[in-house]
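J.: Here is a sequence together with a model predicted from it:
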Amino acid sequence: MTPLLDVARAVRSLAAGELVGFPTETVYGLGADASNPDAVRDLYLAKGRPSGHPVIVHLGRDAVLDEWAVDASEAARRLVARWWPGPLTVVVAASPRVSRIATGGLETVGLRVPDHPVALEIIEGFGGGVAAPSANRFGHVSPTTAAAVRAEFDAEIAGVVDGGACGVGVESTIVDCTEESVRVLRPGAITVEMIGALLGSEVLVGGTTRAPGTLASHYAPAARVEVVAASEIGARAAELAAAGTRVGVITEHGQVSESGSAAVVTLATVESPEHYARILYSALRSADDLGVDVVVAVRPERTGIGVAVADRLGRAASGR
Ligand code: TXA
Ligand code: MG
């Protein structure tokens, strides 16, 4: 079983070139010394992630943008001044200090200062950039607890630091700041509207295949995922159950009767877009643990972080 590490041990492991799972406010990351090519190579191997896919470099609160970026735009500066530490990754031209292994060979880098006391203690104790993708195997559901990280990895990592369940639950918003207009490559807790309001300028959305978190099929459990309107969820679950399918529902209050069917298990009952984001990945993981065949998930409201939930559910629904 993957060991649980304390912060001091995690810092020593990073310095020794080992891989360490750690909590952030979004999801758990799998960290490696961003300046150590062997460690970053091991990170790609452990995840089963194709090389050439860049990872985010995580920095401490004392980070100076110009040490990691070249000619960072005014927009990039304003975004990080407003939302670091926080669930925001900026893509900027990489300074020579950034290992081109961490950027997947690109001349740009994704940078973020996470808003989690344990993450910050580790990164600041380590004193350098920590390359960290989500701590899951490539294409699989991101982990939001230390237990989920331990279920993904074994001897390939030094261990994981347990910081409890992640508060946000979906990955950071990624904003490409290398062009004239900023572009949101991956939606998250910091919404397009929030970014537009801060910058007072046009915000482009999507339109690139550069980010692996933006492949059509990603974040997928073994179970098939269907996304349906709240008013249809009870009927759809009953229909699948009647056909002999083991169904897990992510529902809203009052949509699926508890006495309904032994073949229908309630994975989660969603209360708000923020709550949906927080429970999404643990609900998808529990579906697999319970041997569910099909997850019927209520379509999220497309406001605020609901846009990010809809994005991840859509990718989970497009299968493995
Ligand atoms: O919330 C998060 O961002 C989590 C936690 C651990 O911080 N990390 C995370 O990392 O989601 P990962 O590797 O699963 O996703 C990184 C995303 C990928 O979609 C990647 O392509 C994009 O960041 N990215 C990183 N550098 C990039 C670059 N130079 N250009 C375009 N996309 C980049
Ligand atoms: Mg990921």
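T.: Yep, that arrived. Ligands and ions are numbered 1, 2, ... in the order given.
J.: Relative to residue 114, how far out is the nearest residue to residue 198 once chain neighbours are set aside?
T.: Of all residues not flanking residue 198 in the chain, residue 82 sits nearest, at 5.7 Å (Cβ to Cβ, 6 or more residues apart in numbering). All C-beta atoms are positioned from the backbone trio N, CA, C, and that covers glycine. The gap separating residue 82 from residue 114 is 15 Å, by Cβ to Cβ, to the nearest Å.
J.: same deal with residue 222?
T.: Look at residue 222 and residue 114: by Cβ to Cβ, they are 29 Å apart.
J.: Helix, strand or coil: sort out the spatially closest residue to residue 118 that is not a sequence neighbour for me.
T.: Nearest residue to residue 118, sequence neighbours excluded (Cβ to Cβ, 6+ apart): residue 163, at 3.8 Å. Classification of residue 163 using DSSP: H, G, I helix; E, B strand; the rest coil returns coil.
J.: okay, residue 163: pLDDT?
T.: If you check residue 163, the pLDDT there is 98.
J.: how many neighbours does it have?
T.: Look at residue 163: counted by other Cβ atoms under 10 Å, it has 20 neighbours.
J.: Verify the stated contact: it with residue 146.
T.: Yes. Contact status for residue 163 versus residue 146: in contact at 7.3 Å, counting by Cβ atoms under 8 Å.
J.: Could you tell me which residues touch both of those two?
T.: Counting by Cβ atoms under 8 Å, 6 or more residues apart in numbering, the contacts common to residue 163 and residue 146 are residue 23.
J.: So which bits of stretch 291-305 are buried?
T.: 292, 294, 295, 296, 297, 298, 299, 300, 301, 304, 305 (16 or more other Cβ atoms under 10 Å).
J.: what element comes up after the helix or strand that contains residue 76 heading to the C-terminus?
T.: Using DSSP states H and E, residue 76 falls within helix 74-83. Remark: after helix 74-83, the chain's next helix or strand is strand 88-93, criterion DSSP H and E.
J.: so what strands line up beside that next one?
T.: Here strand 88-93 is paired, per DSSP bridges, with strand 108-112 (antiparallel), strand 173-176 (parallel).
J.: Can you say which of those strands is nearest to ligand 1?
T.: Proximity to ligand 1 (Cβ to the nearest ligand atom) singles out strand 108-112 among the strands paired with strand 88-93, at 3.0 Å.
J.: Share the number of residues neighbouring residue 29, please.
T.: Using other Cβ under 10 Å, residue 29 is surrounded by 30 other residues.
J.: Please report phi then psi for it.
T.: The phi/psi pair for residue 29 (degrees, to the nearest 10) reads phi -110, psi 160.
J.: Pairing partners for it in the sheet, please.
T.: Beta-bridge partners of residue 29, as defined by DSSP bridges: residue 22, residue 134.
J.: Pull the contacting residues for it.
T.: Residues near residue 29 by Cβ under 8 Å, 6+ apart: 21, 22, 23, 58, 114, 119, 130, 132, 133, 134, 135.
J.: at 10 Å what do you get?
T.: The contact partners of residue 29, by Cβ atoms under 10 Å, 6 or more residues apart in numbering, come to 20-23, 55-56, 58, 112, 114, 116, 119, 122-123, 130-135, 142-143, 149, 171.
J.: Would you check how far apart it and ligand 1 are?
T.: Noted for residue 29: a distance of 3 Å to ligand 1, by Cβ to the nearest ligand atom, to the nearest Å.
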